[in-house]
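J.: Sequence first, predicted coordinates after that:
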Amino acid sequence: MSTARPLSGEPAIDVADLRRTYRTTTGTLRRHRLEIEAVRGVTLRVEPGELFGLLGPNGAGKTTIIRVLCTLLLPTSGQVRVLGMDVVERPRDVRRQIGYVFGGDRGLYDRLSALDNLRYFADLYALEPRMQRKRINEVLDLVGLQGRGTERVEGFSRGMRQRLHLARGLLHDPPVLFFDEPTIGVDPVGAREVRQVVADLARAGKTILLTTHYMFEADSLCDRIAVIAQGQIVAEGTPQQLKAGVTARTVVEIEAYGVPEQTVARIRELPEVEAVTIEVRDQAQLLTVQASEGSQLTGRLLQLLEGVRVERIAAREPTLEDAYVALVTAG
Ligand SMILES: Nc1ncnc2c1ncn2[C@@H]1O[C@H](COP(=O)(O)OP(=O)(O)O)[C@@H](O)[C@H]1O
Ligand SMILES: [Mg+2]
């Protein structure tokens, strides 16, 4: 029998070989069936009290995983448990123990005060009326909006709105929290405040699964990270462990003009090259080439770039960002 609290040693979040396929159709006259395998065999465990990050580019499958965990979407196959409870068999019990906030969430009433918004949701969540006032003050405090409760939401910044969303997700004091891209669309200062709230909640003992496509956000916040690309986990570990995976690499940055496509292709084909990315800045191209350590990379690249105008070429230490780029662009 499973209980609401995890048995000792049991993970707070337990996802085993999760798959989720979307079935849609395209075309207007001739309908074509389309199957999108959004999540393709994801297995992960989050321990009680852990702050775990799902890091991946747009379309990787992050939101799909979160929606399954929040009981908003049924899995195609696999086993998904929250605090020992199966999300398919016991969705209502799961919902009582979780809070969730999706990035870019709407659903706040602009003309109402923050307090009235929270009162509305407290009613919706059937929070005991006697408890409401106390709890609403607590959550405003938790998200750093104490003293702002009587102001109308229309005057709030994006960061304040997002923190009010977090407050809403905390009303029923759930032990497990899901945040999907919590800082998306929030300005840098507001985003830092949102991250601070997430860190405070983790310190207060909540189990948190958050998604982000910002590498630095995962790095600065999370105890552990799973990097996800095209519906699969491609790497998992602490930020330090993920960094260790690239320290044995050389990274060379090249600023050049009019690099022919064949040249880029030939760079990619070099046996020691692990990843190549290209950014266009004004007229120039910025190539970042990752290769195994010790290779005479700079010399080889200059050979291949003969006849191309190279402004700058420099080797540097690899970063976690490089690890992330190599992981999500591989294959
Ligand atoms: N309701 C849907 N119907 C069809 N395809 C979808 C639907 N939701 C997401 N997808 C597709 O599934 C894949 C994963 O999407 P999503 O889980 O939203 O990724 P992420 O949150 O990492 O950006 C994408 O290819 C996306 O286009
Ligand atoms: Mg998403």
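T.: Yep, that arrived. Ligands and ions are numbered 1, 2, ... in the order given.
J.: in which helix or strand would I find the residue of the chain found nearest ligand 2?
T.: Closest residue of the chain to ligand 2, C-beta to the ion: residue 63 (3.2 Å). In short, each C-beta sits where N, CA and C put it, glycine included. Assigned by DSSP states H and E, residue 63 belongs to helix 62-69.
J.: which secondary structure elements does that helix contact?
T.: Where contact means 3 or more C-beta pairs under 8 Å, 6 or more residues apart in numbering; DSSP states H and E, helix 62-69 is packed against strand 13-26, strand 32-46, strand 51-55, strand 77-82, strand 98-102, strand 176-180, strand 207-212.
J.: how far does the last one sit from the chain's center?
T.: This points to strand 207-212. Here the centre of strand 207-212 is set off from its chain's centre by 7 Å, with C-alpha atoms, centre = their mean, to the nearest Å.
J.: So which of the helices and strands packed on helix 62-69 is nearest residue 235?
T.: strand 51-55 (9.1 Å; C-beta to C-beta).
J.: Help me see whether that closest one makes contact with ligand 2, please.
T.: No - Strand 51-55 lies out of reach of ligand 2 by C-beta under 5 Å from the ion, never closer than 9.5 Å.
J.: report the angle between the axes of that strand and strand 207-212?
T.: 20 degrees (axes from the mean of the first three to the mean of the last three C-alpha atoms, to 10 degrees).
J.: then strand 51-55 to CSV, C-alphas only?
T.: In CSV, the C-alpha atoms belonging to strand 51-55 read as follows (Å, rounded to 0.1, in the frame of the first residue of the first chain):
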residue,chain,number,x,y,z
LEU,A,51,15.7,20.9,-6.1
PHE,A,52,15.9,19.1,-9.4
GLY,A,53,16.2,20.8,-12.8
LEU,A,54,15.0,19.6,-16.2
LEU,A,55,17.2,21.5,-18.6
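J.: Next one: residue 106 relative to residue 216, how far apart?
T.: When distance is defined by C-beta to C-beta, to the nearest Å, residue 106 is 27 Å away from residue 216.
J.: Tell me which of the two has more neighbours.
T.: More neighbours surround residue 216 than the other of residue 106 and residue 216, with 12 against 8 (other C-beta atoms under 10 Å).
J.: and the nearest residue to the more buried one once chain neighbours are set aside, how many neighbours?
T.: Leaving aside its sequence neighbours, residue 216 sits nearest to residue 321 (C-beta to C-beta, 6 or more residues apart in numbering; 7.6 Å). The number of residues packed near residue 321 is 15, by other C-beta under 10 Å.
J.: Equivalent analysis for residue 28, please.
T.: Neighbour count of residue 28, defined by other C-beta under 10 Å: 6.
J.: how about it, secondary structure?
T.: When classified by DSSP: H, G, I helix; E, B strand; the rest coil, residue 28 comes out as coil.
J.: And it, what's its pLDDT?
T.: Note for residue 28: predicted pLDDT of 76.
J.: ok now do it, which residues does it touch?
T.: Shown in contact with residue 28 (C-beta atoms under 8 Å, 6 or more residues apart in numbering): no residues.
J.: Give me the distance between the closest residue in space to residue 48 that isn't next to it in sequence and residue 198.
T.: What sits nearest to residue 48 in space, not counting adjacent residues and going by C-beta to C-beta, 6+ apart, is residue 12, at 4.4 Å. Going from residue 12 to residue 198 by C-beta to C-beta gives 16 Å.
J.: Residue numbers of this protein in contact with ligand 1?
T.: Counting by C-beta under 6 Å from any ligand atom, the chain comes close to ligand 1 at 22, 24, 36, 38, 56, 58-64.
J.: which one of these sits closest to residue 134?
T.: residue 63 (33.4 Å).
J.: Verify the stated contact: that closest one with residue 178.
T.: No - Residue 63 is beyond contact range of residue 178, at 10.3 Å (criterion: C-beta atoms under 8 Å).
J.: the more surrounded of these two?
T.: Neighbour count, other C-beta under 10 Å: between residue 63 and residue 178, residue 178 has more, with 25 against 19.
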